[in-house]
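Novice: Structural data only, the sequence is not supplied:
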């Protein structure tokens, strides 16, 4: 299961030293519901090596604004505390796997 990331715990999670994958989503977003189970699967598969989480855009203004999130789903990829890649829109699992593997 993916971590629940919020404005309050974002920095702490990002600075744990592991790469991080963050899915920006909302309850009302159809494509987000397609991506959500993929993110949960990846969170289980990479649990020891990568922090994989979800952030509800309707509940977390600060981080959403910081990264200029305008379209959802948007998935950001972080390495060593820096954003290094992103995917906007629903994609098949193999696209996410390729990006995660490039972080390791």
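Specialist: The structure has been received and is ready for your questions. Quick caveat: nothing in here was measured; it's all calculated off a predicted structure.
Novice: Could you give the average pLDDT over stretch 96-104?
Specialist: Mean pLDDT, stretch 96-104: 97.
Novice: what about that stretch, distance to the chain center?
Specialist: In terms of C-alpha atoms, centre = their mean, to the nearest Å, the gap separating the centre of stretch 96-104 from the centre of its chain is 12 Å.
Novice: residues near residue 71, how many?
Specialist: Residues lying near residue 71 (other C-beta atoms under 10 Å) number 10. C-beta here means a position set from N, CA and C on the backbone, and glycine is covered the same way.
Novice: nope, residue 58 is what I was after
Specialist: 12.
Novice: Name the residue most distant from the centre of this structure?
Specialist: residue 28 (17.6 Å; C-alpha atoms, centre = their mean).
Novice: and that residue, helix, strand or coil?
Specialist: With DSSP: H, G, I helix; E, B strand; the rest coil as the basis, residue 28 sits in coil.
Novice: the strands in the protein, which residues?
Specialist: Using DSSP state E, the strands of the chain run over 3-4, 20-25, 51-56, 74-79, 82-88.
Novice: looking at those, which is buried most?
Specialist: Highest mean neighbour count among these (mean count of other C-beta atoms under 10 Å): strand 20-25, with a mean of 25.
Novice: Show me what it is packed up against.
Specialist: Where contact means 3 or more C-beta pairs under 8 Å, 6 or more residues apart in numbering; DSSP states H and E, strand 20-25 is packed against helix 10-14, helix 30-45, strand 51-56, strand 74-79, helix 93-103.
Novice: ok so, going back, mind checking the strands of the chain for the one nearest to residue 42?
Specialist: strand 51-56 (5.5 Å; C-beta to C-beta).
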